[in-house]
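[1] Task: produce atomic coordinates for the following.
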Amino acid sequence: MHHSGGKCSLTESRHPPPRGDRRRYPTESMHYIERLAEHWKLIGVSPLPPSCAFSVDDFANRHGIHIPKDFRDFYTFCDGIENTDGGLNAFWPLSEVNTVPVKLCDFSGAPDYSAIADDLPNADDYFVFADHSIWVCAYAIMLTDDPNAPTPVLWIGDGRSYDTIASSFTDFWLRYTELPDDKCLWP
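    Numbers count the residues shown, from 1 in each chain. Next up is the predicted model:
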């Protein structure tokens, strides 16, 4: 993939390489990307074309954060999904990902997320990347400027509740692909 005049051009497939081919997705990230691609294919989910590396780097620079490899691997595999999956989960394009205060605090519908930034410690470090069933709950990953910091994924529900549901982005996707819909993305 390469960057050209604000647009990303694809020169690689958006699908993971065959098993055993670790050129594009080395280490454990390949494992979760492969599983995710297989899972989505089985349930008929259409991933969006990938973000280019420039877009991911630009996102990191705008927010002053370090992008962990598993987060980068996801967005260079796909830029979220079209619509929702069979469990009504929407995984957003990188252009829609933002901090909890930016994404949630103006949402005062049902549920009312307007106070979550006051209730969630370090709310500015959590980036919302998905929601379930049109905002019944949202999912956010902790991203900071420290490359050694943990990157837990939170479930944020009913506007004020939150709980850690995965220790990392990789763990989140492995839970998503391995557990039944009613258990995978809930605390």
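
[2] now the longest helix seen in the chain, how far from the chain's geometric center?
    Looking only at the chain and at elements set by DSSP state H, the helix with the highest residue count is helix 27-43. Computed by Cα atoms, centre = their mean, to the nearest Å, the separation of helix 27-43 from the middle of its chain amounts to 14 Å.

[3] That helix packs against which elements?
    helix 69-77, helix 169-178 (3 or more Cβ pairs under 8 Å, 6 or more residues apart in numbering; DSSP states H and E). Bear in mind the C-beta positions are built from the backbone N, C-alpha and C, glycine included.

[4] could you point out where this protein is predicted with low confidence?
    Across the chain, residues meeting the criterion (pLDDT under 70) sit at 1-30, 180-183.

[5] CA atoms only: put the longest helix of the chain into PDB for me.
    Written as PDB, here are the backbone C-alpha positions of helix 27-43 (Å, rounded to 0.1, in the frame of the first residue of the first chain):
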ATOM      1  CA  THR A  27       3.600 -12.800  15.300                       C
ATOM      2  CA  GLU A  28       0.300 -13.200  17.200                       C
ATOM      3  CA  SER A  29      -1.400 -10.400  15.300                       C
ATOM      4  CA  MET A  30      -1.500 -12.700  12.200                       C
ATOM      5  CA  HIS A  31      -3.400 -15.300  14.300                       C
ATOM      6  CA  TYR A  32      -6.200 -12.900  15.300                       C
ATOM      7  CA  ILE A  33      -6.400 -11.400  11.800                       C
ATOM      8  CA  GLU A  34      -6.700 -14.800  10.200                       C
ATOM      9  CA  ARG A  35      -9.300 -15.900  12.700                       C
ATOM     10  CA  LEU A  36     -11.300 -12.600  12.200                       C
ATOM     11  CA  ALA A  37     -11.200 -12.900   8.400                       C
ATOM     12  CA  GLU A  38     -12.400 -16.500   8.600                       C
ATOM     13  CA  HIS A  39     -15.100 -15.600  11.100                       C
ATOM     14  CA  TRP A  40     -16.400 -12.700   9.100                       C
ATOM     15  CA  LYS A  41     -16.400 -14.800   5.900                       C
ATOM     16  CA  LEU A  42     -18.500 -17.500   7.600                       C
ATOM     17  CA  ILE A  43     -21.100 -15.000   8.900                       C
END
